[in-house]
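1. Have a look; sequence and predicted model below, questions after that.
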Amino acid sequence: KNEVEQSPQNLTAQEGEFITINCSYSVGISALHWLQQHPGGGIVSLFMLSSGKKKHGRLIATINIQEKHSSLHITASHPRDSAVYICAVSHGGTGNQFYFGTGTSLTVIP
Amino acid sequence: GAGVSQTPSNKVTEKGKYVELRCDPISGHTALYWYRQSLGQGPEFLIYFQGTGAADDSGLPNDRFFAVRPEGSVSTLKIQRTERGDSAVYLCASRLAANTEAFFGQGTRLTVV
């Protein structure tokens, strides 16, 4: 079982809708990361969280450490937001490498 | 460079051949990671370099996989006797330090036929 679970796996929304993607993890972490991956493209880091909430433009990320849960929200969604959104956690330690969820594929329809 | 650069972007090779994948990290980033992403899956950790040394290679699947970073900047992932199951996107990431933001390359899509 993957230690990072995301839902939904696929999401289709109309332009302008408010979108929520959820991430749950099973072990203690040093940080949680939200990443964006476009088809054929590399991965871009959106947020790195260890507590609370962060906002960048139309994107908001929250984390609840006690419940081991994080959400990524997109307000006023736009077709250019269409991408795969990946939740990843790091545990600290030697390399502090990422453990990734399987991603949520988002399609925003005009 | 401005970002993490990976070459080639695509590589098709025959089963049994040897391949090298290159990662050029952001200048000054001491931490470098290789990940492998199979179709429909999230990336999986392969190896982590701190400077020139492989500090954690626990994710390498078997001894056909090897990676080097001789001068602490560019890294090469080497795969011997490739198998069809090695087909995946190989991602490289670098960080200024292990607890800072990670920057990813565009990946190398390896196809073994």
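-> Yep, that arrived. Residues are numbered from 1 along each chain as shown, chains lettered A, B, ... in the order given.

2. which residue of chain A sits farthest from its center?
-> Farthest-out residue of chain A from its mean C-alpha position, per C-alpha atoms, centre = their mean: A:Thr94, at 23.9 Å.

3. where does chain B have low pLDDT?
-> For chain B, applying pLDDT under 70 flags the ranges B:1.

4. out of everything not next to it in sequence, what's closest to the most centrally placed residue in it?
-> By C-alpha atoms, centre = their mean, chain B has its centre lying nearest to B:Trp34, at 3.5 Å. In space, B:Trp34 comes closest to B:Leu46 once its chain neighbours are excluded; the distance is 4.2 Å by C-beta to C-beta, 6 or more residues apart in numbering or on different chains. Heads up, the C-betas are built off the backbone N, CA and C, glycines and all.

5. Locate the one you found within the secondary structure: which element?
-> strand B:44-50 (DSSP states H and E).

6. Which strands border that strand, and is each parallel or antiparallel?
-> With DSSP bridges as the test, strand B:44-50 is paired with strand B:31-37 (antiparallel), strand B:53-56 (antiparallel).

7. Switch these over to a markdown table, and while doing so, append distance to A:Met48 to every line.
-> Putting the strands paired with strand B:44-50 into a markdown table (distance: least, C-beta to C-beta, whole Å) gives the following:
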| stretch | distance to A:Met48 |
| --- | --- |
| strand B:31-37 | 14 |
| strand B:53-56 | 20 |
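
8. right, so those strands: which one is the most enclosed?
-> Of all the strands paired with strand B:44-50, strand B:31-37 has the most neighbours on average by mean count of other C-beta atoms under 10 Å in any protein chain shown, namely a mean of 24.

9. Check the offset of that one from the chain's centre.
-> Centroid displacement of strand B:31-37 relative to its chain, using C-alpha atoms, centre = their mean, to the nearest Å, is 5 Å.

10. can I assume A:Thr97 is in contact with B:Leu46?
-> That one is not Thr; residue A:97 is Gln. No: applying C-beta atoms under 8 Å, one finds A:Gln97 not in contact with B:Leu46, separated by 9.2 Å.

11. Quick check: the gap between A:His69 and chain B.
-> A:His69 sits 18 Å away from chain B, going by C-beta to the nearest C-beta, to the nearest Å.

12. Count the residues that sit near that residue.
-> Using other C-beta atoms under 10 Å in any protein chain shown, A:His69 has 15 neighbouring residues.

13. Now do the contacts for it.
-> Applying C-beta atoms under 8 Å, 6 or more residues apart in numbering or on different chains, we find A:His69 in contact with A:Asn22, A:Cys23, A:Ser24, A:Tyr25, A:Ile63.

14. which of these tops the neighbour count?
-> Neighbour-wise, the contacts of A:His69 (other C-beta under 10 Å) top out at A:Cys23, 25 neighbours.

15. Any idea what that residue is bridged to?
-> Residues in a beta bridge with A:Cys23, per DSSP bridges, are A:Gln6, A:Ser70.

16. what does chain B have sitting close to chain A?
-> With C-beta under 8 Å from any C-beta of the partner chain as the criterion, chain B meets chain A at residues B:4, B:31, B:33, B:35, B:40-45, B:48, B:50, B:55-56, B:59, B:91, B:93, B:98-99, B:101-107.

17. Now with 7 Å, please.
-> B:31, B:33, B:41-43, B:45, B:48, B:55-56, B:91, B:98-99, B:101-102, B:104-107 (C-beta under 7 Å from any C-beta of the partner chain).
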